[in-house]
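Colleague: 3D, please:
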Amino acid sequence: MTRGFAALLIAWALGATPVAHADPYEVEPDLAKRDADYAAAKAAIDRRDWQQAIASLEKTAVREPESADLQNLLGYSYRNLGQYPLAFKHYNEAIRLEPRHRGAHEYIGETYLLVGDVENARKHLAALKDICLLGCDELRDLEAAIASYESARATTTAPKSK
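Modeller: Predicted coordinates for the structure are as follows:
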């Protein structure tokens, strides 16, 4: 048995779906290839043009209403505009569509930290621990964000010595 086949067999046994060269935040890596508006949205995100990203993603949403990746990127774009209720709406929709969407769990957890809700951030960290049995970038990123949040919070709430 070759090493590559053994790794594939182990991944399959653990319930993983190996995807070669896929963006870890995406479940549907080919959507940008088949939808020009989605490709334009990703380019706008790269430029940090959140309004344009949202406009392009909304066009794609008409054609791809069941895309968890699209919902995740809408959440991400709204979060970067500081529109947290809309970010939560779209992250939750991404998770409803794809409960194991690593990017959506990471991003919603980070957004909960932005509004001071560490308890809900930890719930999504727990979900990532279940999803990423062998670890993943999203799990490490959210763990680091929570640790940083708690460290900063401890520093600002610590009593000042005289």
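Colleague: what separation do you get for the most centrally placed residue in the chain and residue 35?
Modeller: By C-alpha atoms, centre = their mean, the chain has its centre lying nearest to residue 103, at 2.0 Å. The gap separating residue 103 from residue 35 is 18 Å, by C-beta to C-beta, to the nearest Å. Glycine gets a C-beta too; all of them are placed from N, C-alpha and C.
Colleague: please apply the same query to residue 56.
Modeller: Counting by C-beta to C-beta - residue 56 and residue 35 are separated by 9 Å.
Colleague: look at the two and report which has more neighbours.
Modeller: Between residue 56 and residue 35, counted using other C-beta atoms under 10 Å, residue 56 has the larger neighbour count: 25 against 19.
Colleague: now the lengthiest helix in the chain - C-alpha only, CSV.
Modeller: Taking DSSP state H as the criterion, the chain has its longest helix at helix 137-157. C-alpha atoms of helix 137-157 as CSV (Å, rounded to 0.1, in the frame of the first residue of the first chain):
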residue,chain,number,x,y,z
ASP,A,137,-5.7,26.6,10.3
GLU,A,138,-9.2,27.8,11.2
LEU,A,139,-9.0,26.0,14.6
ARG,A,140,-5.5,27.5,15.3
ASP,A,141,-6.6,31.0,14.2
LEU,A,142,-9.7,31.0,16.4
GLU,A,143,-7.8,29.6,19.3
ALA,A,144,-5.2,32.4,18.9
ALA,A,145,-8.0,35.1,18.6
ILE,A,146,-9.7,33.9,21.8
ALA,A,147,-6.4,33.8,23.6
SER,A,148,-5.5,37.3,22.4
TYR,A,149,-9.0,38.6,23.3
GLU,A,150,-8.8,37.1,26.8
SER,A,151,-5.2,38.4,27.3
ALA,A,152,-6.2,41.9,26.3
ARG,A,153,-9.3,41.7,28.5
ALA,A,154,-7.3,40.6,31.5
THR,A,155,-4.9,43.4,31.0
THR,A,156,-7.6,46.1,30.8
THR,A,157,-9.6,44.7,33.8
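Colleague: mean confidence for that helix?
Modeller: For helix 137-157, mean pLDDT rounds to 92.
Colleague: please point out which parts of that helix sit buried.
Modeller: Of all the residues in helix 137-157, those buried under the rule 16 or more other C-beta atoms under 10 Å are 138, 139, 141, 142, 143, 145, 146, 149.
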